[in-house]
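Chemist: dropping the sequence and predicted coords here.
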Amino acid sequence: QHYFVINDTFNTIYTEIYNNLNLTKSLVSVIHVLGNNSYINRSGTNFVSFGVRVLDLNKTYALNENSYANASIRFYITNDGVNYNYYFDTNSNESGYAFVELDPDCSFNVGLQHWKAGTYNDKCYLDVNSSEFNYYIIGNLILNIIQPNGEKYLRGTNITVKGYLSDECNNYVENANVTFENIKASTIYKCDYVLEEGLGYYNCTFNTSNYQPQYWNIRMNASKQYYNFNSTTKTNAFWIETNPILFDLRTIPKVLGWGETLTIKVNFTDEDLDTLKLYIYLIRQTDKKTKYTYTDVSGINAEITRTFTFGSADIGIWDVIANVSDDFGKAEINSTITIEKDDVEIQYIAGNNSVVNRISNTTTLTLRAIDVDNPNNLIAYQPAAFWVTKDGKNYITAANVYTDSNGYFTINFDPDCSYNV
């Protein structure tokens, strides 16, 4: 009920009493202030602010000033892009402003989301919502290079690199832009034609024909709308192996006496700088008697030198074989040598210009055999012979003897009357 009273100095007048007065909640307008089209990283502690202002449409002041409502406000927020599964209740202040802060977690899908706000269950204002506004959830990409894992590959073969892509919420990520790069120092080869296998797996196959030997790193890059770009590098992801090479085998000399020293030279190259064992074999053709030596080798165009000595029992033709091998192949090179009898020099000792009577006495003739190929070898107890002339021109055998322990051999020459004066 209600009525009006009018009074002045002399009169007071009451109107009739009116019934059925209906007081209703005021109508409001909710307008955007803050947060439309904002972006927020889902990982970590990151807040995005949403704000609106509430205008009382039923109450205005002079000079067309607006009246702002101090009202109960509810913010509605989607997490799946469609349904407003989250809400937050708050109050607008005396100026009509209302704000909330959102720190999204893994229950929020990456990409476009929506929010709105309005009066809710307020005693003075009708329930009115704002327009729908947007915000964007940004995820992180987690990259994992699964293969290779430090394996060795022979240069020229193909290698398949494989990676797995997920987000910070352990969900696999599909339809991303993924690249793989193979890196060694300042050399970078991009792997073309990345294939998506599904369920977050990506792979790419590349040929290694132009790759430098030894270890390479792999870098995986990934990007996708509404995700932060990310990259990861796997150190020493694979090793490029090269086969060893042997060349320029030299035997010095090619033909030698058994007392001489044989020098064998061969050049070795392995670009990946493996340390390998180089074997050098000498195998006699007649009976396969074998001598060998080996050494550790590494490097590019490395010259290896080895020497062999022989005894008099080693005379013959020998095959010379050098070989080296690694996990992926073998290199071999061969030649032949001939071991001969040693060269001998006969050294005069005594008997030159001697005078001997055919009837009454003898003369001593002495020589010494010297091993020219190895003077340190004494030609001891070896057969020797003397030849003399009877007619001053034609030689005949005078005696067959043996050298002594120092290589000397001697006869006491006793000519008869068959020898000319």
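Modeler: Sure, I can see it.
Chemist: so where does the nearest residue to residue 194 once chain neighbours are set aside fall, helix or strand?
Modeler: Spatially, and ignoring its direct neighbours in sequence, residue 194 is nearest to residue 204 (4.6 Å; C-beta to C-beta, 6 or more residues apart in numbering). The C-beta positions use only the backbone N, C-alpha and C, and glycine is treated the same way. Applying DSSP states H and E as the criterion places residue 204 in strand 201-207.
Chemist: quick revisit: run through the residues that contact the residue nearest to residue 194.
Modeler: Residue 204 makes contact with 160, 161, 180, 191, 192, 193, 194, 195, according to C-beta atoms under 8 Å, 6 or more residues apart in numbering.
Chemist: do you know the pLDDT at it?
Modeler: With respect to pLDDT, residue 204 has a value of 97.
Chemist: state the distance from it to residue 212.
Modeler: 20 Å (C-beta to C-beta, to the nearest Å).
Chemist: next: residue 292.
Modeler: To residue 212, residue 292 is 34 Å away according to C-beta to C-beta.
Chemist: before we move on, what about residue 14?
Modeler: Note on residue 14: its distance to residue 212, by C-beta to C-beta, is 108 Å.
Chemist: name the residue in these two with the higher neighbour count.
Modeler: Neighbour comparison, residue 14 and residue 212: the larger count goes to residue 212, with 15 against 10 (by other C-beta atoms under 10 Å).
Chemist: these two touch, right, the more buried one and residue 187?
Modeler: Yes: Residue 212 is in contact with residue 187 according to C-beta atoms under 8 Å; the separation is 6.8 Å.
Chemist: got the contact list for residue 241?
Modeler: Applying C-beta under 8 Å, 6+ apart, one finds that residue 241 lies in contact with 152, 153, 154, 155, 213, 272, 274, 326, 327, 328.
Chemist: check residue 324 too.
Modeler: Residues counted as contacts of residue 324 (C-beta under 8 Å, 6+ apart) are 244, 246, 268, 276, 277, 278, 279, 297, 330, 331.
Chemist: okay, buried residues for the host helix or strand of it please.
Modeler: Secondary-structure element containing residue 324, defined by DSSP H and E: strand 316-325. Of the residues in strand 316-325, those buried by neighbour count under the rule 16 or more other C-beta atoms under 10 Å are 316, 318, 320, 321, 322, 323, 324.
Chemist: out of those residues, who's nearest residue 124?
Modeler: Taking C-beta to C-beta as the measure, residue 324 is the one of the buried residues of strand 316-325 closest to residue 124, at 95.1 Å.
Chemist: my read is that residue 358 contacts residue 419, right?
Modeler: Yes: assessed by C-beta under 8 Å, residue 358 is found in contact with residue 419 at 6.3 Å.
Chemist: compare these two (neighbour count), which wins?
Modeler: Counted by other C-beta under 10 Å, residue 358 and residue 419 do not tie: residue 419 has more neighbours, with 16 against 13.
Chemist: around the closest residue to that one other than its chain neighbours, how many other residues sit close by?
Modeler: In this structure, residue 419 finds its nearest non-sequential neighbour in residue 390, 4.9 Å apart by C-beta to C-beta, 6+ apart. When neighbours are counted by other C-beta under 10 Å, residue 390 registers 14.
Chemist: run through the residues that contact residue 390.
Modeler: Residues near residue 390 by C-beta under 8 Å, 6+ apart: 396, 418, 419, 420.
Chemist: so which of the residues you listed belong to strands?
Modeler: Counting by DSSP state E, the members of the contacts of residue 390 that fall within strands are residue 396.
Chemist: most neighbours among the contacts of residue 390, which one?
Modeler: Of the contacts of residue 390, residue 419 is surrounded by the most neighbours, 16 neighbours in total, counting by other C-beta under 10 Å.
Chemist: do you know how far that residue is from residue 411?
Modeler: 14 Å.
Chemist: same thing with residue 371?
Modeler: Relative to residue 411, residue 371 is positioned 22 Å away (C-beta to C-beta).
Chemist: before we move on, what about residue 349?
Modeler: Counting by C-beta to C-beta, the gap from residue 349 to residue 411 is 12 Å.
Chemist: more neighbours, these two?
Modeler: Regarding residue 349 and residue 411, a neighbour count based on other C-beta under 10 Å identifies residue 411 as having more, with 20 against 14.
Chemist: ok, now which ones touch the more buried one?
Modeler: By C-beta under 8 Å, 6+ apart, residue 411 lies in contact with 364, 365, 386, 398, 399, 401.
Chemist: TSV for those residues, including secondary structure?
Modeler: Rendered in TSV, the data for these read as follows (DSSP: H, G, I helix; E, B strand; the rest coil):
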residue	secondary structure
364	strand
365	strand
386	strand
398	strand
399	strand
401	strand
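Chemist: out of those, who's the most crowded?
Modeler: Ranked by neighbour count (other C-beta under 10 Å), the contacts of residue 411 have residue 365 at the top, with 21 neighbours.
Chemist: that one pairs with what?
Modeler: Here residue 365 shows beta-bridge partners residue 411, assigned using DSSP bridges.
Chemist: and what of the one 4 residues further on?
Modeler: Judged by DSSP bridges, the bridge partners of residue 369 are residue 346.
Chemist: state the number of residues packed around it.
Modeler: Residue 369 has 19 nearby residues by other C-beta under 10 Å.
Chemist: next, the contact list for it, please.
Modeler: The neighbourhood of residue 369, defined by C-beta under 8 Å, 6+ apart, consists of 344, 345, 346, 347, 379, 382, 384, 403, 407, 409.
Chemist: likewise for residue 321?
Modeler: Residues in contact with residue 321 (C-beta under 8 Å, 6+ apart) are 280, 281, 282, 283, 332, 333, 334.
Chemist: need those in a markdown table with secondary structure and neighbour count, can you?
Modeler: Formatted as a markdown table, these follow (DSSP: H, G, I helix; E, B strand; the rest coil; neighbours: other C-beta atoms under 10 Å):
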| residue | secondary structure | neighbour count |
| --- | --- | --- |
| 280 | strand | 20 |
| 281 | strand | 17 |
| 282 | strand | 22 |
| 283 | strand | 16 |
| 332 | strand | 13 |
| 333 | strand | 16 |
| 334 | strand | 13 |
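Chemist: will you turn the residues you listed into JSON lines that also has pLDDT and distance to residue 235?
Modeler: Converted to JSON lines, those look like this (pLDDT from 0 to 100; distance: C-beta to C-beta, whole Å):
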{"residue": "280", "pLDDT": "97", "distance to residue 235": "38"}
{"residue": "281", "pLDDT": "97", "distance to residue 235": "41"}
{"residue": "282", "pLDDT": "97", "distance to residue 235": "46"}
{"residue": "283", "pLDDT": "98", "distance to residue 235": "46"}
{"residue": "332", "pLDDT": "97", "distance to residue 235": "36"}
{"residue": "333", "pLDDT": "97", "distance to residue 235": "37"}
{"residue": "334", "pLDDT": "96", "distance to residue 235": "42"}
